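Asks: Sequence and predicted structure are below.
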Amino acid sequence: MAKKEEGPLGFEAALARLEELVAKMESGELDLDAMIAAFEEGQRLVKLCTARLNEVERKIETIVKDSSGGVTVTPLDIGAGA
């Protein structure tokens with residue numbers, strides 16, 4: 001019985017599938033057509049993961065209390081090295 005997708009693939013599932021594809025491609029066991037198909041699927045998964053990470057990054061905010069006791073909301077600085 002084929003696995004039925006119920007909605008969009010979540011980040012963790014997409015990342016796991018991407019890791020699975022990479023392992024298969026690195027194994028050298030895929031023929032050229034299967035390698036191309038895996039690469040194309042991997043490209044779609046990378047786009048999905050990147051979009052999801054960007055979406056989450058925009059949502060993450062830190063609440064900082066200033067010296068006067070006021071609260072400001074600023075974007076979380078995750079650093080440029082990530």
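Replies: Good, I have the coordinates.
Asks: So which elements touch the top helix by length along the chain?
Replies: Counting residues, the longest helix found in the chain (DSSP state H) is helix 32-59. Counting contacts by 3 or more Cβ pairs under 8 Å, 6 or more residues apart in numbering; DSSP states H and E, helix 32-59 is packed against helix 11-27. Where C-beta positions appear, they are placed from N, C-alpha and C, glycine not excepted.
Asks: and the longest helix of the chain with helix 11-27, angle?
Replies: With axes from the mean of the first three to the mean of the last three Cα atoms, to 10 degrees as the basis, helix 32-59 and helix 11-27 are set at 150 degrees to each other.
Asks: Flag every buried residue along helix 32-59.
Replies: Using 16 or more other Cβ atoms under 10 Å as the test for burial, helix 32-59 gives 38, 42, 45, 48-49, 52.
Asks: Lowest average confidence across helices and strands of this protein, where is it?
Replies: strand 61-65 (a mean of 57; mean pLDDT, DSSP states H and E).
Asks: State the number of residues packed around residue 15.
Replies: 16 (other Cβ atoms under 10 Å).
Asks: residues touching it, list them.
Replies: By Cβ atoms under 8 Å, 6 or more residues apart in numbering, the contact list for residue 15 reads 45, 49.
Asks: Can you give me the distance of it to residue 50?
Replies: From residue 15 over to residue 50 the distance is 11 Å, taken as Cβ to Cβ, to the nearest Å.
Asks: helix/strand/coil for residue 30?
Replies: coil (DSSP: H, G, I helix; E, B strand; the rest coil).
Asks: and it, what pLDDT?
Replies: Looking at residue 30, its pLDDT reads 93.
Asks: One more: residue 57?
Replies: Confidence score, pLDDT, at residue 57: 75.
Asks: how near is it to residue 26?
Replies: 29 Å.
Asks: One more: residue 53?
Replies: The gap separating residue 53 from residue 26 is 23 Å, by Cβ to Cβ.
Asks: Return the set of buried residues in stretch 21-30.
Replies: For stretch 21-30, a neighbour-count test (16+ other Cβ under 10 Å) marks 21, 30 as buried.
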